[in-house]
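Novice: Sequence first, predicted model second:
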Amino acid sequence: MSRQSRVIEDILPLSPLQEGLLFHSVYDEAAPDVYTVQLVFHLDGELDHEAMRAAGGALLQRHSNLRVAFRQRKTGEWAQLVARTVPLPWADADLSAIADETERTAEADRL
């Protein structure tokens, strides 16, 4: 099997900061992960959906840290696995048919 056909690009140890963040993340899995950041922004004007989707895919391909999964080894030690490729988690939703702004906002929040 050639290196190009492998699913995993690299396996790396965790940095001390990653170990600390992972500890807090798995310590209480029912609690919210305070280190997860979600960004919401609004765009004005026409949106080129395909260009936006292509840009998201390019980010995943260009930045390997966005393709990392953390897995625990049999020894209990954690490692970060860098996938060669990952599917872009993308969904389009057109809410323009919902005339009532309160309903549209509620549907956006639900999504």
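Specialist: Cool, got the structure.
Novice: what residue lies at the spatial centre of this protein?
Specialist: In the chain, the centroid-proximal residue (CA atoms, centre = their mean) is residue 66; its distance is 6.7 Å.
Novice: is it true that that residue lies in a strand?
Specialist: No. Counting by DSSP: H, G, I helix; E, B strand; the rest coil, residue 66 falls outside a strand, being helix.
Novice: My read is that it contacts residue 58, right?
Specialist: No. Taking contacts as CB atoms under 8 Å, residue 66 lies outside contact range of residue 58: 10.9 Å. All C-beta spots, glycine's among them, are computed from the backbone N, C-alpha and C.
Novice: quick one on the thing from earlier: from residue 38, how far off is the residue nearest to the centre of the chain?
Specialist: According to CB to CB, to the nearest Å, residue 66 stands 15 Å off from residue 38.
Novice: Identify each buried residue in the longest helix anywhere in the chain, please.
Specialist: When the chain is parsed with DSSP state H, its longest helix is helix 49-62. The neighbour-count check on helix 49-62 (16 or more other CB atoms under 10 Å) flags residue 60 as buried.
Novice: ok now the worst-scoring helix or strand of the chain on mean pLDDT, how far from the chain's centre?
Specialist: Least confident helix or strand of the chain, by mean pLDDT, DSSP states H and E, is helix 16-27 with a mean of 88. Once both centres are worked out by CA atoms, centre = their mean, to the nearest Å, helix 16-27 turns out to sit 17 Å from its chain's centre.
Novice: pull the CA atoms of stretch 101-111 into PDB?
Specialist: Extracted as PDB, the C-alpha positions of stretch 101-111 are listed here (Å, rounded to 0.1, in the frame of the first residue of the first chain):
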ATOM      1  CA  GLU A 101     -39.300  36.800  11.500                       C
ATOM      2  CA  THR A 102     -39.900  35.200  14.900                       C
ATOM      3  CA  GLU A 103     -40.600  31.800  13.200                       C
ATOM      4  CA  ARG A 104     -37.600  32.200  10.900                       C
ATOM      5  CA  THR A 105     -35.300  33.000  13.900                       C
ATOM      6  CA  ALA A 106     -36.700  30.000  15.800                       C
ATOM      7  CA  GLU A 107     -36.000  27.700  12.800                       C
ATOM      8  CA  ALA A 108     -32.500  29.100  12.400                       C
ATOM      9  CA  ASP A 109     -31.900  28.400  16.100                       C
ATOM     10  CA  ARG A 110     -33.200  24.900  15.800                       C
ATOM     11  CA  LEU A 111     -30.900  24.200  12.900                       C
END
